[in-house]
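Colleague: Here you go, sequence then predicted model.
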Amino acid sequence: RDEEGIIEEPCGEQEVIDEMCRIVIRDMDQFGVCVVDNFLGYKRGMSVLQEVTGMYTKGVFKDGQLVSKKVKNDLKTIRGDQITWIDGKDESCKNIGLLISQVDAIILRANKMANNGKIGNYTINGRTKAMVACYPGHGTHYVKHVDNPNKDGRCITAIYYLNRDWNIQQNGGLLRIFPEGWQDKVADIEPFFDRILFFWSDRRNPHEVQPAFKTRYAITLWYFDASERQEACRRHKTEMEAQASESNNIVNKTSSGES
Ligand SMILES: Cn1c(O)c(C(=O)NCC(=O)O)c(=O)c2ccccc21
Ligand SMILES: [Mn+2]
């Protein structure tokens, strides 16, 4: 709809993608955060949700991280978020695969459309697998954190939410981002069905998942910046070599009986 509310001629797939890319580029440059609703549409969104709930009932998810919680005066450990990693290639997750390729299309197109072919001055050349996360409810949450605090190469976090009829007041599970430079303002994102969220993965966007009281599903992809990733891998390799030679020295010392 344009200003007069006149429904414009429905446009093709490519125009929709281009329009979405312009929004992502504009919001990421302006806010470092971007929310797009109705990303896949109801039908395809539901097929992704069905695959995820199918995996969950099959017990594919690893036991969530241990979160200790003070209940009365004894320490109760509950299982927090549960995750599993999907590459979306096998038949059982073909709809998750479709979601992944749709997000790839937006990110890579936005990468090209942005000024001098870089979104946020990054050159995106890869991504992680998809992390499918489930918060089982009963107060499970995720503490405030930065996804990539130490330049591991991840530059954009993309989170696709799958939670139908989600009511923040009753169900909690709000994602609160504390964008750097926004002073004391925060970005509160409800994890609504078929909503996708993009934000810079580094220290610009500390965020937390507030306690959820209903099962809460999300699928996260992290996109790599070519040079930061390359540098991180080089650093990791050097660290591994240093450790290896260190342990060799220890082994040689002990085997040759040196103190
Ligand atoms: C389960 N889960 C997460 O939910 C978030 C996260 O920031 N989620 C934001 C959200 O779901 O809105 C994470 O960043 C995260 C990082 C490593 C392992 C698990 C993780
Ligand atoms: Mn996070």
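Modeller: Cool, got the structure. Ligands and ions are numbered 1, 2, ... in the order given.
Colleague: same for the helix or strand encompassing residue 25, what does it pack against?
Modeller: Under the criterion of DSSP states H and E, residue 25 resides in helix 13-30. Here helix 13-30 touches strand 33-36, helix 94-113, strand 195-200, going by 3 or more CB pairs under 8 Å, 6 or more residues apart in numbering; DSSP states H and E. Placement of C-beta: from N, CA and C, glycine included.
Colleague: Please identify the residues of the protein in proximity to ligand 1?
Modeller: Residues of the chain found near ligand 1 (CB under 6 Å from any ligand atom) are 81, 83, 133, 142, 147, 159, 175, 191, 207, 209, 218.
Colleague: 8 Å instead, please
Modeller: Selection of the chain residues close to ligand 1 by CB under 8 Å from any ligand atom yields 64-65, 80-83, 131, 133, 135, 142, 145, 147, 157, 159, 161, 173, 175, 189, 191, 197, 207-209, 216, 218, 220.
Colleague: Mind giving me the PyMOL select for those residues, buried ones only?
Modeller: To isolate the buried members of the residues of the chain next to ligand 1 in PyMOL, using 16 or more other CB atoms under 10 Å:
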select buried, resi 64+80+81+82+83+131+133+135+142+147+157+159+161+173+175+189+191+197+207+208+209+216+218+220
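Colleague: For the stretch 151-259 of the chain, just list every one of the strands.
Modeller: For the stretch 151-259 of the chain, strands defined by DSSP state E, counting those that start in this stretch occupy the ranges 154-161, 175-177, 187-189, 195-200, 207-212, 216-225.
Colleague: if we can go back for a sec, can I get the helices and strands packed on helix 13-30 in TSV with mean pLDDT?
Modeller: Output for the helices and strands packed on helix 13-30, formatted as TSV (pLDDT from 0 to 100):
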stretch	mean pLDDT
strand 33-36	98
helix 94-113	94
strand 195-200	98
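Colleague: out of the ones you listed, nearest to residue 179?
Modeller: strand 33-36 (6.3 Å; CB to CB).
Colleague: most centrally placed residue in the chain?
Modeller: residue 220 (3.1 Å; CA atoms, centre = their mean).
Colleague: Please name the bridge partners of that residue.
Modeller: Residue 220 has these beta-bridge partners by DSSP bridges: residue 131, residue 159.
Colleague: Give me the neighbour count for the residue nearest to residue 32 when sequence neighbours are not counted.
Modeller: Spatially, and ignoring its direct neighbours in sequence, residue 32 is nearest to residue 200 (4.7 Å; CB to CB, 6 or more residues apart in numbering). Neighbourhood size, residue 200 [other CB atoms under 10 Å]: 22.
Colleague: Give the full set of residues in contact with residue 200.
Modeller: 28, 32, 33, 120, 155, 156, 157 (CB atoms under 8 Å, 6 or more residues apart in numbering).
Colleague: Tell me who's in contact with the residue nearest to the centre of the chain.
Modeller: Contacts of residue 220 by CB under 8 Å, 6+ apart are 130, 131, 133, 157, 158, 159, 160.
Colleague: Can you give me the pLDDT of residue 80?
Modeller: For residue 80, the pLDDT comes out at 83.
Colleague: and if you look at residue 2?
Modeller: For residue 2, the predicted pLDDT is 50.
Colleague: With residue 114 instead?
Modeller: For residue 114, pLDDT reads 86.
Colleague: now do the one 3 residues further on
Modeller: In this prediction, residue 117 carries a pLDDT score of 76.
Colleague: could you check the distance from it over to ligand 1?
Modeller: 28 Å (CB to the nearest ligand atom, to the nearest Å).
Colleague: ok so residue 75 is a strand residue?
Modeller: Yes - under DSSP: H, G, I helix; E, B strand; the rest coil, residue 75 sits within a strand.
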